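S.K.: Have a look at this prediction, sequence included:
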Amino acid sequence: MTTMYELAKEEYAALGIDTEAVMAKLAGKPISVHCWQGDDVLGFDQEGGLSGGIQATGNYPGRARTFEELTTDFEAAMALVPGAKRINLHASYAVFTDENPWVDRDALEYKHFEPWVAWAKARGFGIDFNPTIFGHPMMNNELSLSSPDAATRDFWIRHCKACRKISQQIAEALDDETLCNIWIPDGLKDVPADRYGLRERLRDSLDAIYAEKYDRVIDSCESKVFGIGLESMTVGSNEFYLAYAATHPGVYDLLDLGHFHPTENVADKLSALLLFFDKVPLHVTRPIRWDSDHVVLFDDPVKEMAMEVAHCPGAWEKVIIGLDFFDASINRVGAWAIGTRAMEKSLLYALLQPAAQLKEMQDTYRFTEKMALSEQAKSMPFGAVWDEYCRREGCPTDGEVYPLVAAYEAKILPTRQ
Ligand code: RNT
Ligand code: ZN
C-alpha cells in the first residue's frame, strides 16, 4: 500500500525537495523552550508576583509550584514535541533546599541550579539562562540597570554578573554553550524628562556586566518597545541594543517577535542582522495588539520568520531559536506542547518550500511565475510530511495531542490543590 507520505515525498521530489533530508535537518535543530510557561512566570524565589510590564492572564488550575512539578510537566509536554530541545531557565527558578537555603538574586551561585543541570543532562536537554530583572523588591520604580539610584543599579549588576558566571558553569557541566539573555523592563509611564541619562546608565551597567569574558557564554540583550505601565519610553530600545551589540563583540541583539510596533515585520529584520552578526537569538511569541505572549501558532508571522531561518545563507546555524509565551488561561502542558510543535511545524513548512526556484525567479524578474509557484507550494501535501516526521520522532500526530494532554491533566490535577 502506498502511504500518504510516499505520495507527498514524490510530489516534493518533483520540485527538487528531498523530504528525507529535510526531516533529518529539522530533527537536529534545537528549540530553546522557556521554562516559564509552566508556572505563569512566577519562579521559586519571591512571593510578590510578576512585575515589569509583562502579564500572564488567566486562572487555569494546575500551575507548577516546585522544581519537581515544573520538571515533570515540562517532560510531559516535551514528550509530545518532535525534534531537539533545550530548556531556557530564568534565575528566579533557583532551587533552594535545606543545604542550599534561599539567597537573594545578587548572591545566586551555580549550586542553586545544579538540580536543573543533572535533570537536563539525564534527558539530553541543553540549557539557556536569563537574569530575572522583574518581580523583585529591588525593582525601584520599574528601573534596574538604568536606575538613577546607584545601590539599585549595583544590585542588578551583581545579579547579572552572577548569572553570566552560572551560565558558564552550566555550559561547562554540559560541555556546551549557554545563551545568557538580559531583558530589563526599565522605562517610563509618562513623558520622559531625560532619556539620555537612562540610556547612558544602562550602557555603563552593561559595560560593567560584560567586563568578564566567558568562552562558553553567548551574551544577548533583548530590546522592547513598551510595557504595561511603561508606555512612554523603554530604555532598552532596539536601536540601543543593536548599537551596543554592534560595538561590543560577543554581545548579540535578541529579537522578540512581540517587542516591536504591531505592523512591523520582525522576519524582515533577520537578514539585516545576519549580515553583521554571527549569531541572532530570537524569542518567538504571538503578540495580539500588544506583547501579549499568546501561544505560538502555525501562522503567517512565524512561517515568514521560519522561511528566513531556513533559507538565508548561514541562518540555520546562526539563529538561536527560543520561545517566549505564557498563557495562564489554558492547560499549560498543552500550551507548551502546541506552541513548541507550531515552531517545529513552521520550520518544516519553510524547509519544504521551493526557495531556490523562487529566488532564481526573483533574480531573473519572473515575478508572475514566482507568484504562481509560491501559491502552488502552499497547498502541497505538507501535512503528510509533518505526520511522518512526528511518527519518526516517536511523537503523537496533531489529532493525538489533546487526548494525551487531557490524560496527564486528569492524573496531576488532584495533586495540585
Ligand atoms: C518580556 C520579555 C522577556 C520575558 C521573559 C520572561 O517582555 O519578552 O523575554 O518574557 O524573560
Ligand atoms: Zn522575550
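M.R.: Done, it's in. Ligands and ions are numbered 1, 2, ... in the order given.
S.K.: Is stretch 224-244 positioned near ligand 2?
M.R.: No: Stretch 224-244 does not reach ligand 2 (C-beta under 5 Å from the ion); its nearest approach is 8.0 Å. Glycine gets a C-beta too; all of them are placed from N, C-alpha and C.
S.K.: Name the surrounding residues that touch that stretch.
M.R.: Residues outside stretch 224-244 that contact it (C-beta atoms under 8 Å, 6 or more residues apart in numbering) are 52-55, 142-143, 146, 183-192, 195, 198-199, 202-203, 206, 221-223, 251, 253-254, 256, 259-261, 273, 290-291.
S.K.: overlap between these and the residues near ligand 2?
M.R.: Okay, of the contacts of stretch 224-244 touching ligand 2 (C-beta under 5 Å from the ion), that's Asp256.
S.K.: and the stretch 251-400 of the chain, which of its residues are near ligand 1?
M.R.: Within the stretch 251-400 of the chain, the positions lying close to ligand 1 (C-beta under 6 Å from any ligand atom) are Asp256, His283, Asp291, Asp324.
S.K.: ranking these by neighbours, who comes first?
M.R.: Asp324 (29 neighbours; other C-beta atoms under 10 Å).
S.K.: In contact with that one: list those residues for me.
M.R.: His34, Asp256, Gly258, His283, Val284, Thr285, Asp293.
S.K.: please redo it, this time with the cut-off set to 7 Å
M.R.: His34, Asp256, His283, Val284, Thr285, Asp293 (C-beta atoms under 7 Å, 6 or more residues apart in numbering).
S.K.: again with Phe96
M.R.: Phe96 neighbours (C-beta under 7 Å, 6+ apart): Phe44, Trp102, His112.
S.K.: Okay, and which of the contacts of stretch 224-244 map to helices?
M.R.: Leu198, Arg199, Leu202, Arg203, Leu206, Leu273 (DSSP state H).
S.K.: Which pair of these spans the longest distance?
M.R.: Farthest apart among the ones in helices among the contacts of stretch 224-244 by C-beta to C-beta are Leu198 and Leu273. That separation is 24.4 Å.
S.K.: can you tell me the residue of the stretch 101-250 of the chain closest to ligand 1?
M.R.: Trp183 (4.2 Å; C-beta to the nearest ligand atom).
S.K.: Run a quick neighbour tally on the residue lying closest to that residue once chain neighbours are set aside.
M.R.: Using C-beta to C-beta, 6 or more residues apart in numbering and skipping residues adjacent in sequence, the residue nearest Trp183 is Glu222, 3.9 Å away. Per other C-beta under 10 Å, the neighbour tally for Glu222 reads 23.
S.K.: Glu222 touches Leu179, doesn't it?
M.R.: No: using C-beta atoms under 7 Å, Glu222 and Leu179 do not qualify as a contacting pair, with a distance of 10.8 Å.
S.K.: thinking again about what came up before, pull up the gap between the residue of the stretch 101-250 of the chain closest to ligand 1 and Val284, please.
M.R.: To Val284, Trp183 is 15 Å away according to C-beta to C-beta, to the nearest Å.
S.K.: In terms of neighbours, single out the busier of those two.
M.R.: Val284 (28 against 25).
S.K.: Around Asp106, count how many other residues there are.
M.R.: Asp106 has 16 nearby residues by other C-beta under 10 Å.
S.K.: and the contacts of Asp324 as a markdown table, adding secondary structure and pLDDT?
M.R.: Formatted as a markdown table, those follow (DSSP: H, G, I helix; E, B strand; the rest coil; pLDDT from 0 to 100):
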| residue | secondary structure | pLDDT |
| --- | --- | --- |
| His34 | strand | 98 |
| Asp256 | strand | 98 |
| His283 | strand | 98 |
| Val284 | strand | 98 |
| Thr285 | coil | 98 |
| Asp293 | strand | 97 |
